[in-house]
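[1] need a structure here:
(chains A and B)
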Amino acid sequence: MGRPAAEGGSGTVTTTRATMPFDEALERFEPVLGLETHVELGTESKMFCGCRTEFGAPPNTHVCPVCLALPGALPVANDKAIESTIRIGLALNCGIAEWCRFARKNYFYPDMPKNYQISQYDEPLCSDGYLDVEVEGRTFRVGIERVHLEEDTGKSTHVGGATGRIHGADYSIVDYNRAGIPLVEIVTRPVEGAGHLAPEVAKAYVTELRELMRTLGVSDVRMEQGSLRCDVNVSLMPRGAKEWGTRTETKNVNSLRSVERAVRGEIERQAAILADGGRIVQETRHFHEDTGATTSGRSKEEAQDYRYFPEPDLLPIAPAPEWVEELRATLPEPPAARRARLQAEWALSDLDMAAMRNAGAVDLVEATVAAGVPAADARKWWMGELARRANESGTALADLPITPQQIARVVELVASGALNDKLARQVLEGVLAGEGTPDEVVEARGLRIVNDEGELTSIIDDVLAANADAADKVRSGKIAAVGALVGGVMKASRGKADAGRARELILERLGVSG
Amino acid sequence: MSLTRRTAAELGELMAAGEVSAVEVTQAHLDRIAEVDGKVGAFLHVAAEAALEQARSVDARRAAGEALGPLAGVPIAHKDVFTTKDMPTTAGSKILEGYRPPYDATVTARLREAGLVILGKTNLDEFAMGSSTENSAYGPSHNPWDLGRIPGGSSGGSSAAVASYQAPLSTGTDTGGSIRQPAAVTGIVGMKPTYGGSSRYGLIAFASSLDTPGPFARTVLDAALLHEAFSGHDVMDSTSIHAEVPPVVEAARHGDVAGLRVGVVRELSGEGYQPGVLARFQEAVDLLESLGAKVTEVSCPSFTYALPAYYLIAPSECSSNLARFDGMRYGLRVGDDGTRSAEEVMALTRAAGFGAEVKRRIMLGTYALSSGYYDAYYGSAQKVRTLISRDFEAAFHQVDVLISPTTPTTAFPIGERADDPMAMYLADLCTIPANLAGNAAISVPCGLADEDGLPAGLQIMAPVLGDDRCYRVGAAVEKAFQDRWGGPLLKEAPAL
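    Predicted coordinates for the structure are as follows:
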């Protein structure tokens, strides 16, 4: 429930055992999944004070007596964060509480300045909803138990140790910029019956959730920056059994791929222990991105008593029913419906649509279309040249330093005949390299197609003179040989010639009708 | 008459009329502090230079023709739980020794704005936990009536400062009676406003759902003037009430009780009360009747459970509120020699930085909130709290105000109850119900107990946001008593 991974945990590492191959594990056991996802809201100010929420600001520059918990400071709830949480709840088909309270969750944590977290306990703002996710053509309904609002902690950096963890570090420094940023926790009900698709269902759920948050505009949901974090619960029950097994909770899994790997890994690990006659210990586990393995954290026996009680510094939340209905009425189109609509509009196959979604291209293509580009062109550029470059540089498509409006301008230049595809690619390269807008790159690099007939004719004359054999072949009716000549012209013009026009002029020059 | 014998209202008028300057008034009080505080021990910090500077600024503004409030230039002492950005704030604890907050409490800021001159910070039971000011990490304060006795608690420094004429006004906080009880035992006026009527922002928290800032003064009118100057909604405190401040000054100027229905709370007098205190209370009842009030007895059966409920709720909240004092970011740090873990340093800091009473309450609260005991203790206490609120509501259907003695006894000798926390907790027996219900209550002097010659207080309780009723009744009683005594009760106090 909102607790960041304990650094190093209790130090009791369970004995490493062999894992059971995934397929064999699934033959013997049915996995039960549970997912707890934390989403940092993209509000302008923090949950309980007016400090800004900007990511990556110099340490401790967005802090005040309230978020530093100086003696005497008091929280005041951010209405915008409450609104965002209600919108998330509505989008997840939840009921919205007519009256609920914040609670204090008391525990000590080095980067939590009050040494308690203001959260919600038995009175969540939203509860009992669901999210449908599709995996391999099957729809899984993931039950949502609750959606509640809390505050994030600060961030510690442990300096001097080999692992970056507190153990072995010389000292630790704390940045409170993140302390008090609104955090929404979305907790699923146990998901049964996914079978061998459990890892994919987990991944699909987080993917769908992330897309929903983005559609709602409530968060930038960047897993790599921690604005969306996921805890994965897995338990196994023997096939045919009715009671769930003991679960483990793998904390802070920070990429979609890791969600899948963490579920798969836990299934393989737990199956081996159970098959061995062993017992699963209820505990938190830490996921290691590099190896894909998990290690033991705190066990249930050492679990904290959070001593929850209603937060006396804040008034209860009682959202007016009319307001909730207004928020419901103004929800954006759900991502799944939107995807179906766009797929139809863009006339794409399921496979193409899936590829676009996986590449994170749907929003970008839609924005590019909105900027006036035909869907086919928009898709071609984003899924072709730009996807390739993103791949090469290891960045997300959305993080490329180029905007849909710039793509639209490039497409416009191609359509007007000012650029061909090859030149267009060079323009994109220039924009990505930070050389300016498409027009500035065209100008600076001199990429405009050579339309000057005189210049083109002179190049053609040179090429014909240098390739007399090919010219003769064309003259003698072997029209196909013109390709080599056009190629020569393109080479001589360094790609700037209009290939179509060059072909026409060559044929004209050689007295052959194309 | 010496400037330090004047009331705040009189000082305000003298300064407005140009008969005396704020600097003169401030200097007179600084001199009085220098003269007597060695014996009284009311102050933890005297800000002489800053006070004179502030007084000069008020005089300059007045000279420039600026319209100033009625208390501009009047000196005040703040209980050392209100943060002050230009002087230390310790909450009476070692753990905050040397801490200088970077910001002002709303109460502090509003009073600065109103031109009040801050003389310094007054002593208190550590983190406002206690009923005698003996729990201060910086030593006890003394009752000006008898230096061997306690000045009440937890705001004992503030009550002692006013009762010994070191300041005409002071601020306090009332969580279970910490304003009314010290006011009663030092013979002055102390008011607990409606919860949420005055901002807690910048008040170092003891028990958030109970803590209420309020005024100390030697007269009902002075208390009302101060009350009005710092009260009202504050956007920085979401529990502060969105409502006009009740017309307290108006009520204090025109106290009258003719036709008023006054209820005597049956559960708040009788066995266990000092006879002299009960006798003075009975006189106050007779006085009210003679002034035309209709006095009846009212029963509030749940008040019997107020003390145990309070001693579950207040420690529970404090166990959480005090968690932030871990030696990591400000204040005391113990044992950080490079060999110890953060947890060990925190533990050593808390062991050294918190006093016995604070530790006792943290332990109590931690226990009461723990998952296996929550329902039995904290949950039950909250239910009692609801019942107490209902008792008040039912009573206020029958009567306009409720009255009781403020404290069961007069000031006890320093050290007498120090080793018996339960005996100490009884000092707040009569005051706690109003904290649990959040309504308004005031203590005004009602004479000296025959057996020890020490002051007793009359408590007047009013409904939520009925603060003006406290002042109205208080002013009527004050006038009648002063007519009888030939002046304020404090003139009976021995010279220091």
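[2] now the strands for chain B?
    B:43-46, B:75-79, B:117-122, B:169-173, B:189-192, B:213-217, B:261-265, B:294-298, B:401-405, B:440-448, B:455-462 (DSSP state E).
[3] Need the residues that contact the fifth one.
    Right, the one you point to is strand B:189-192. B:155, B:159, B:172, B:174, B:177, B:179-180, B:182-184, B:212, B:214-220, B:222-224, B:227, B:431, B:434-435, B:440-445, B:467, B:470-471, B:474, B:478 (CB atoms under 8 Å, 6 or more residues apart in numbering or on different chains). Backbone N, C-alpha and C define where each C-beta goes, glycine included.
[4] List the residues that contact the residue nearest to the spatial centre of chain B.
    For chain B, the residue nearest the mean C-alpha position is residue B:179 (2.2 Å; CA atoms, centre = their mean). Contacts for residue B:179 (CB under 8 Å, 6+ apart) come out as B:155, B:172, B:173, B:190, B:191, B:192, B:212, B:214, B:215, B:216, B:443.
[5] how near is the second one to residue A:306?
    The gap separating residue B:172 from residue A:306 is 33 Å, by CB to CB, to the nearest Å.
[6] Looking at those two, which one has more neighbours?
    Neighbour totals were compared for residue B:172 and residue A:306, and residue B:172 leads with 33 against 21 (other CB atoms under 10 Å in any protein chain shown).
[7] ok, now how distant is the more buried one from residue B:321?
    18 Å.
[8] In the stretch 351-500 of chain A, mark out all the strands, start to finish.
    Shown for the stretch 351-500 of chain A, no strands are assigned by DSSP state E, counting those that start in this stretch.
[9] What of chain A?
    Counting by DSSP E, the strands of chain A are A:29-40, A:95-96, A:103-106, A:116-119, A:126-135, A:138-151, A:155-159, A:171-175, A:182-188, A:228-238, A:248-253, A:283-287, A:294-299, A:309-310.
[10] Ok, which of these comes nearest residue A:398?
    Closest approach to residue A:398 among these (CB to CB): strand A:228-238, 14.1 Å.
[11] what's near enough to touch residue B:22?
    Contacts here follow CB under 8 Å, 6+ apart; on that basis residue B:22 touches B:15, B:55, B:56, B:58, B:59, B:62, B:72, B:73, B:115, B:117.
[12] what number of residues lie near residue B:139?
    The number of residues near residue B:139, taken as other CB under 10 Å, comes to 12.
[13] Quick check, it in contact with residue B:43.
    No - look at residue B:139 against residue B:43 with CB atoms under 8 Å: they stay out of range, at 11.5 Å.
[14] Spit out the residues that contact these two alike.
    Common contacts of residue B:139 and residue B:43 (CB under 8 Å, 6+ apart): residue B:123.
[15] Nearest residue to the middle of chain A?
    Centre-most residue of chain A, counting by CA atoms, centre = their mean: residue A:222, 5.4 Å.
[16] and that one, what is it in contact with?
    Going by CB under 8 Å, 6+ apart, residue A:222 touches residue A:228.
[17] thought residue A:364 was touching residue A:382?
    Yes - with contacts counted by CB under 8 Å, residue A:364 reaches residue A:382, the gap being 5.3 Å.
[18] what sits in contact with each of the two?
    Joint contacts of residue A:364 and residue A:382 (CB under 8 Å, 6+ apart) are residue A:397.
[19] If you count neighbours, what's buried in the least confident helix or strand in chain B by mean pLDDT?
    Least confident helix or strand, chain B: helix B:421-425 with a mean of 89, by mean pLDDT, DSSP states H and E. Across helix B:421-425, burial judged by 16 or more other CB atoms under 10 Å in any protein chain shown covers B:421, B:424, B:425.
[20] surely the first one meets residue B:361?
    To tie it back to what came earlier, the one meant is residue B:421. No - look at residue B:421 against residue B:361 with CB under 8 Å: they stay out of range, at 9.4 Å.
[21] ok, back up a step: would you mind checking the contacts of residue B:22 for buried ones?
    So, by 16+ other CB under 10 Å, the buried ones in these are B:15, B:55, B:58, B:59, B:62, B:72, B:73, B:115, B:117.
[22] If you tally nearby residues, what's the number for the closest residue to chain A within the stretch 1-150 of chain B?
    Closest approach between the stretch 1-150 of chain B and chain A, counting by CB to the nearest CB: residue B:83, at 4.6 Å. By other CB under 10 Å, 29 other residues sit near residue B:83.
[23] do the same with residue A:29
    Using other CB under 10 Å, residue A:29 has 22 other residues around it.
[24] What's opposite it in the beta bridge?
    Using DSSP bridges, the bridge partners assigned to residue A:29 are residue A:238.
[25] ok, it - contacts?
    Shown in contact with residue A:29 (CB under 8 Å, 6+ apart): A:236, A:237, A:238, A:239, A:245, A:267, A:270, A:271, A:274.
[26] Next: residue A:34.
    Listed by CB under 8 Å, 6+ apart, the contact set of residue A:34 reads A:187, A:188, A:189, A:190, A:191, A:232, A:233, A:234, A:247.
[27] Could you report the separation of it from chain B?
    According to CB to the nearest CB, to the nearest Å, residue A:34 stands 21 Å off from chain B.
[28] Alright, I will stop here.
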